[in-house]
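Student: with the input below, show me the fold.
(chains A and B)
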Amino acid sequence: MDKEFLEQGLNHNRRKFLSRVSLGLGSVALGSLLIPDLFSGKKEAEESLMRALPHFAPKAKRIIYLFQNGAPSQLETFDYKPQLVKSFGQELPESIRAGQRLTGMTAGQSSFPLVGSYFDFNQYGQSRAWISSLFPHISSVVDDLCIIKSMHTEAINHDPALTFFQTGAQVGNRPSMGSWLSYGLGSENENLPAFCVLLSRGKGNGQGVYSKLWSSGFLDARHQGVQFSSSEDPVLYLSDAEGMSKNQRRRMLDQLAAMNELSYQEFNDPQITTKVQQYEMAFRMQTAVPEITDVSKEPDAVVKLYGPDCLVPGTYAANCLLARKLSENGVRFVQLYHQGWDTHDNLPNQMIGQAKDVDQASAALITDLKQRGLLDETLVIWGGEFGRTNYCQGKIAPENYGRDHHPRAFSIFMAGGGVKSGMVYGETDDFGYNIQENPVHVHDFQATVMHLMGIDHEKLIYKHLGRRYRLTDVHGKVVSDLIA
Amino acid sequence: MRYFTWLLLIGANLAGATVVAGLFLATEDYSGDAISWHKWTAISSQGVAVALYFLRDRAITILRSLSLSLALLLVLAGHYGAALTHGEDFLLAPLQLTSEEPLSLADAEVFRDLVQPIFESKCIACHQEGKIKGELRLDLLAGIQKGGKSGALFVAGKPELSLLIQRIHLPLEEEEHMPPKNKLQLTEEELEILSLWVSSGGGFDQKVLDLPQEDPLFQLVSARFSAQKSYSFSAADQDDVAELTTFFRKVRPIYPGSPALEVAYYGSSAFDAKSLAELKVVQDQVVKLNLSRMPLEEADLSLLADFQNLESLYLNFTSLTGNQLKELVNLPKLEVLAISGNTLDEEGIKALVSMRKLRHLYLWQTGLKEQQKNQLSKALSTTQIDFGYEGNGVIYALNPPKIKFESTLFEGETEVSLAHPIRSTEIRYTLDGSLPDSVSSPIYKEPIVLNASTPIRARAFAVGWIGSTDTKELLIKKGIKATTYNLVNPPNPKYAAKGAASLFDGIKAKANHTTGDWLGFSEKPLDITVAIGSAQPKLLEVSFLLHEGAYIFPPQTLELWIGNKGIWKKVTIPAQASSTKVEEPRFGLVSIPLPAGPMDQIRLKAQPISKLPSWHPGAGAKGWVFVDEILLH
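Tutor: Got it, this is the predicted structure:
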């Protein structure tokens, strides 16, 4: 116990040291003698760097990330490869695979027969981008999209790939993208968390999502993503307990804060301050959240736009609608996950179901933001954690096949928020296996997203356990071709 | 002293030679104030130098004043000379290099911001008022258009025929090469900019942003300008800004260091229309104001008229009136106006028609008629108007309604309510297991009271929508609690639940055979005897699970005996329908009326399907029977 007290004493920060041990200018001088770094400005410089965020005028203010968890196949959605249909059943040439490692699920397969998309493709809009027949609604907003066909990642299994996309590292414990942005840019609306998470699940083969994906890692806990419940009551326990009036709760919180302050004086644990702030936020959320989660006043046109499922809590459509409402109310980062894209077998059937879940609502979100004049400052991102193989996993038939994980090339799209619209970026080879031009690594994507938010990804840094951390680690290049 | 005399003589003579040379030079291409000042100060210094030589033996005071004036004249002559070769303000130029904000791309012009700076830094020293080499003046637009002694400066669109481009590309040793050998040379990029400017036509008011994105000039230079818009007004007082920011109103610079502010309001229940007036202290700085969803009925928007720099205004869903809109007509800088979700009246349309400077206008859900939309589109021909999605002409299927009840198994009677998230829908239902239709099935108005086991099916209908698929539930009434029973064959050990007790526990299992609440039979039939107490039951109900995908079918045969004092009597049961296709997991309830007459035992036997039908993926395999509850009423 003595050791803890000693450490606690040593942990007293600079400001405390000055205000407690010494008063007045003379003691400040003493302070500077005892702590040589005190006025050297090193720490100050870092802090002022942080204060200067955003680093430049942002193009996007808020992000809605529609994560398609399980990795939708690029070959049945945005990457049109007629060659694969022609080469149905033929072996994947080794010159194309070039030693790419495979997952345990197909590594043992004796043959790797190519299989093309069961779904037809067509060109849409001014941009003449190819989109499959699975996405009639997304096709109709194609001129607002910036489709990237040349994404690539390092991980080959769901959990590390997902974690890599969200936190910049394949192992856990790093802050999520939303946490970094909350840390860097703060909240627009102080009555709501800056980072909200909404989950939904399709009928396809699902992969789990875990709270580490929206963890704040080593950043302060208030930057953690707040997961909304998929029940009719998206935020639980918001209403006052029976018999407790608003005023009583206020008084209780004030008392509690006073006691917490005493405790903070004693232990200097920053988590105590965070806790107090969380209580205050929750108090304000009591009025802010019901205003937002109430969908009963949405016009009929909105219901038609997103599809009637948008009024059924816990569906992807309902989450898209809620995401729009949170975003327009100043939530910096709304993260959706829709599970069920892991199509190892029975791919056409599963994709029909998954597409039905997400197509209309994803397009609706873009249209809805646009008609409110908000698309320009809201970045919408749609995509999974990696792509799927061009060869078949398991039994092969033109109308029934499966695809394994493929990290070397896959497609995502973005819309609004300062990205070029009506653009298709990057190209893969005729087999849809390797990137042919303009590769975009996950770190490049992260750097670009941060750039759009007005952040220099090399400057948003947090020092932890003796080293400096960034979302993009020591990598990442802003893809300026994507920026309008 | 002798050396000093010699020095004076040489100096005076050299001064004379310089003046003569200078006078010759002055005859070509020079004019203006600087040259005459230079000329006369130079001639005077020469005169003073000569005087100094001849008066060198006079009084020391005379010598002193002469030397002083010579020094002064030399400085002046030198200064004016330098002004001729390096430009008028050469002396202070380095001091005037203020770190100005980079010009914004939106404001940048090709000539003014790209070409002219090159002329000014590299050419103008010899081609301007005061020193007009080759009769070419680059300090005046007229001079650039006119050209010089050898002809026009450039031929628009033809860099190879343009003197400007020819001269700057000549080898350095050539006499004609510009700028001359000993002067600061053009950089590669500057050469490129001048050539591209000429090939693009050499215009004088082309904006950089108007160049096509793939234009080489645009690609070369666009990165030089800041994408940030720059503002010339001064920043607001920081304390004012801090004071205006509350939990419900955020006031902050559009980016750090910018004087321009954006203001956003949050939380409609906390909104006070009077708080708008507080923004007066920053009215010159606000460029973006978001009041969307705030109840503005009471708000006095006339005070927004003073927001001279307001560019974007968001007023979606604010109950805005036409009269309020009129107050915004004269905002000089307003480019983006979002008023979706406000019903527009004639006043409002009239106000909008006059706002011709708008670049973007958002008018979704404003109740405009086709003809009014056309009127607006016509009047605001340069404005991008978004009328948004109204869903006209598109017909989608409704989603099914929800059936709400307390529990599947109920005692006595229970209430069932039906609900649909879309208020305008009509819910129709049946209680006999048939599919509800939009004509004859009853419309749901109030909770339905059930006092027997009942299948409920419901569908939603609405104008402008396709009727929903049905949603169904089976509610089962709890029976007499049986206490003594005997299961003849044990269930499959994987699906044994808590044995026979599970069949009488009054707990309805979920529609999933793996929950551990179901008894599954495959090899051997379900065969059970139940002892009847004093209350004579009139109805037997058995709750099955149906899930063809998992090989779970209705029983192939179902047999029932009632026994009294050891005498068994078979009860005839109408044939049960079997499955015809693979469906989602669901409940199946078989209700068998029991004959009157004394009984002390009943025996039920349910035989699983021995061979799955040919349409099933597992055709020929053995099927399963799953039971979770047996009820006696």
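Student: all contacts plus neighbour counts: C-alpha atoms, from now on.
Tutor: OK.
Student: so out of everything in the stretch 51-200 of chain B, what residue is nearest chain A?
Tutor: Using Cα to the nearest Cα, the single residue of the stretch 51-200 of chain B nearest to chain A is B:Ser104, 11.6 Å away.
Student: I figured that residue hits B:Ser230, correct?
Tutor: Yes. Counting by Cα atoms under 8 Å, B:Ser104 touches B:Ser230, with 5.9 Å between them.
Student: now the helices for the stretch 351-484 of chain A?
Tutor: Taking DSSP state H, counting those that start in this stretch as the criterion, the stretch 351-484 of chain A carries its helices at A:442-452.
Student: which bits of it sit near chain B?
Tutor: With Cα under 8 Å from any Cα of the partner chain as the criterion, the stretch 351-484 of chain A meets chain B at residues A:Thr367, A:Asp368, A:Lys370, A:Gln371, A:Arg372, A:Gly373.
Student: next, work out how far apart the last one and B:Tyr255 are.
Tutor: If I follow you right, that is A:Gly373. Computed with Cα to Cα, to the nearest Å, the distance linking A:Gly373 and B:Tyr255 is 20 Å.
Student: of the two, which one has the most company?
Tutor: Neighbours were counted for A:Gly373 and for B:Tyr255 using other Cα atoms under 10 Å in any protein chain shown; A:Gly373 has more, 26 against 19.
Student: got a list of what the closest residue to chain A within the stretch 151-300 of chain B touches?
Tutor: Going by Cα to the nearest Cα, chain A is nearest to B:Tyr255 of the stretch 151-300 of chain B, at 4.9 Å. By Cα atoms under 8 Å, 6 or more residues apart in numbering or on different chains, the contact list for B:Tyr255 reads A:Pro54, A:His55, A:Phe56, A:Ala57, A:Pro58.
Student: next, give phi and psi for it.
Tutor: Note on B:Tyr255: backbone dihedrals following degrees, to the nearest 10 are phi -160, psi 160.
Student: give me the pLDDT for it.
Tutor: As predicted, B:Tyr255 sits at a pLDDT of 82.
Student: distance of it from B:Asp284?
Tutor: Counting by Cα to Cα - B:Tyr255 and B:Asp284 are separated by 17 Å.
Student: if we can go back for a sec, the residue of the stretch 51-200 of chain B closest to chain A: neighbour count?
Tutor: The local packing of B:Ser104 (other Cα under 10 Å) involves 16 other residues.
Student: how about it, phi and psi?
Tutor: phi -80, psi 150.
Student: now do the contacts for A:Val289.
Tutor: Contacts of A:Val289 (Cα under 8 Å, 6+ apart): A:Leu192, A:Val235.
Student: check which helix or strand it maps to.
Tutor: Using DSSP states H and E, the element containing A:Val289 is helix A:270-293.
Student: which strands or helices does whatever helix or strand comes next after that helix pack on?
Tutor: Downstream of helix A:270-293, the next assigned helix or strand under DSSP H and E is helix A:300-306. In terms of contacts (3 or more Cα pairs under 8 Å, 6 or more residues apart in numbering or on different chains; DSSP states H and E), helix A:300-306 is packed against helix A:316-328, helix A:347-371.
Student: buried residues, the longest helix along chain B. List them.
Tutor: The single longest helix within chain B, with elements called by DSSP state H, is helix B:60-86. By 16 or more other Cα atoms under 10 Å in any protein chain shown, the buried positions in helix B:60-86 come out as B:63, B:66, B:70, B:73-74, B:76-77, B:79-84, B:86.
Student: average pLDDT across stretch B:71-86?
Tutor: For stretch B:71-86, mean pLDDT rounds to 86.
Student: same check on stretch B:355-374?
Tutor: Averaging pLDDT along stretch B:355-374 gives 93.
Student: what of stretch B:279-289?
Tutor: Stretch B:279-289 comes out at a mean pLDDT of 94.
Student: so how far is the first residue of it from its last?
Tutor: Start-to-end, stretch B:279-289 (Cα to Cα) is 10 Å.
Student: could I get the full set of strands for the stretch 351-500 of chain B?
Tutor: B:360-362, B:384-386, B:396-397, B:402-404, B:409-410, B:414-419, B:426-430, B:448-450, B:454-461, B:465-466, B:471-477, B:485-487 (DSSP state E, counting those that start in this stretch).
Student: okay, those strands in JSON lines with distance to chain A next?
Tutor: Listed next are the strands of the stretch 351-500 of chain B as JSON lines, based on distance: least, Cα to the nearest Cα, whole Å:
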{"stretch": "strand B:360-362", "distance to chain A": "6"}
{"stretch": "strand B:384-386", "distance to chain A": "6"}
{"stretch": "strand B:396-397", "distance to chain A": "7"}
{"stretch": "strand B:402-404", "distance to chain A": "10"}
{"stretch": "strand B:409-410", "distance to chain A": "23"}
{"stretch": "strand B:414-419", "distance to chain A": "11"}
{"stretch": "strand B:426-430", "distance to chain A": "14"}
{"stretch": "strand B:448-450", "distance to chain A": "23"}
{"stretch": "strand B:454-461", "distance to chain A": "11"}
{"stretch": "strand B:465-466", "distance to chain A": "9"}
{"stretch": "strand B:471-477", "distance to chain A": "14"}
{"stretch": "strand B:485-487", "distance to chain A": "38"}
